[in-house]
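K.L.:
After the sequence you'll find the predicted model.
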Amino acid sequence: MSTAALITLVRSGGNQVRRRVLLSSRLLQDDRRVTPTCHSSTSEPRCSRFDPDGSGSPATWDNFGIWDNRIDEPILLPPSIKYGKPIPKISLENVGCASQIGKRKENEDRFDFAQLTDEVLYFAVYDGHGGPAAADFCHTHMEKCIIDLLPKEKNLETVLILAFLEIDKAFSSHARLSADGL
């Protein structure tokens with residue numbers, strides 16, 4: 001019985017159920033508290049916290065008792081080209097967005113999505129904190145900046161980092177020129 005099921009049973013049951021469950025869980029815990037015996041002879045295998053029974057095989061995480069066994073399904077790798085599983089095609093016709101204006105007079109948020117290459121989709125949300133200027137600038141220039149960097153760099157994380165740095169520098173220049181009235 002899992003820990004979660006045991007707690008649910010204890011909370012929902014009466015005093016008799018609680019007593020029985022607590023007694024049986026204490027008995028189970030006492031049975032599990034067997035400490036491994038370590039041999040002091042140098043010819044026999046020694047045990048450690050990573051080899052609790054001295055068998056030479058390493059301890060698993062379950063031996064440490066830190067899992068509560070709520071997940072019964074195996075952990076699967078995400079679908080990706082790297083692992084040989086194709087990622088399903090997403091049609092941009094099925095993509096949309098929603099935005100709430102909040103307490104401001106006008107919506108300062110901007111969004112964009114596009115298919116940049118056969119394998120790269122672009123989804124962006126620009127949040128205009130205290131004004132739409134940065135969001136508008138990114139909405140206008142970020143997609144082109146990423147498209148220009150894609151042929152030069154294959155790593156998408158690097159492409160995004162370079163694009164953000166480039167857009168940040170360009171927006172700083174733009175904001176400085178706008179503040180000077182040019």
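P.N.:
Yep, it's here. Quick caveat, the model's predicted, so the values are computed rather than measured.
K.L.:
so where do the helices sit in the chain?
P.N.:
3-12, 15-32, 61-64, 133-149, 156-179 (DSSP state H).
K.L.:
Which residues are in contact with Glu143?
P.N.:
Contact analysis of Glu143 by C-beta atoms under 8 Å, 6 or more residues apart in numbering lists 112, 114, 116, 122, 124. For the C-beta atoms, the positions are set from N, CA and C on the backbone; glycine is no exception.
K.L.:
Just the ones of these in strands?
P.N.:
112, 114, 122, 124 (DSSP state E).
K.L.:
Which two of those residues have the greatest separation?
P.N.:
Farthest pair in those (C-beta to C-beta) is Ala114 and Ala124. Separation: 8.9 Å.
K.L.:
Break this protein into its domains for me.
P.N.:
Using automatic domain parsing, the domains assigned to the chain come out as 3-64, 92-179.
K.L.:
mean pLDDT lowest for which of the ones you listed?
P.N.:
Least confidently modelled of the domains of the chain is domain 3-64, at a mean of 56 by mean pLDDT.
K.L.:
can you count the residues close to the residue nearest to Leu162 when sequence neighbours are not counted?
P.N.:
With C-beta to C-beta, 6 or more residues apart in numbering as the criterion, Leu162 has its nearest non-adjacent residue at 5.5 Å, and that residue is Leu149. Residues near Leu149, counting by other C-beta atoms under 10 Å, number 17.
K.L.:
Ala134 too?
P.N.:
By other C-beta under 10 Å, 20 other residues sit near Ala134.
K.L.:
what about it, distance to Glu119?
P.N.:
For Ala134, the distance to Glu119 equals 29 Å [C-beta to C-beta, to the nearest Å].
K.L.:
same deal with Leu156?
P.N.:
In terms of C-beta to C-beta, Leu156 sits 10 Å off from Glu119.
K.L.:
Kindly report the same for Gly96.
P.N.:
Going from Gly96 to Glu119 by C-beta to C-beta gives 22 Å.
K.L.:
Over to Ile147?
P.N.:
If you go by C-beta to C-beta, the gap between Ile147 and Glu119 works out to 13 Å.
K.L.:
So Tyr122 sits against Leu116, correct?
P.N.:
Yes. With contact defined as C-beta atoms under 8 Å, Tyr122 and Leu116 form a contacting pair (5.0 Å).
K.L.:
Now the common contact residues for those two.
P.N.:
By C-beta under 8 Å, 6+ apart, the residues touching both Tyr122 and Leu116 are 143, 146.
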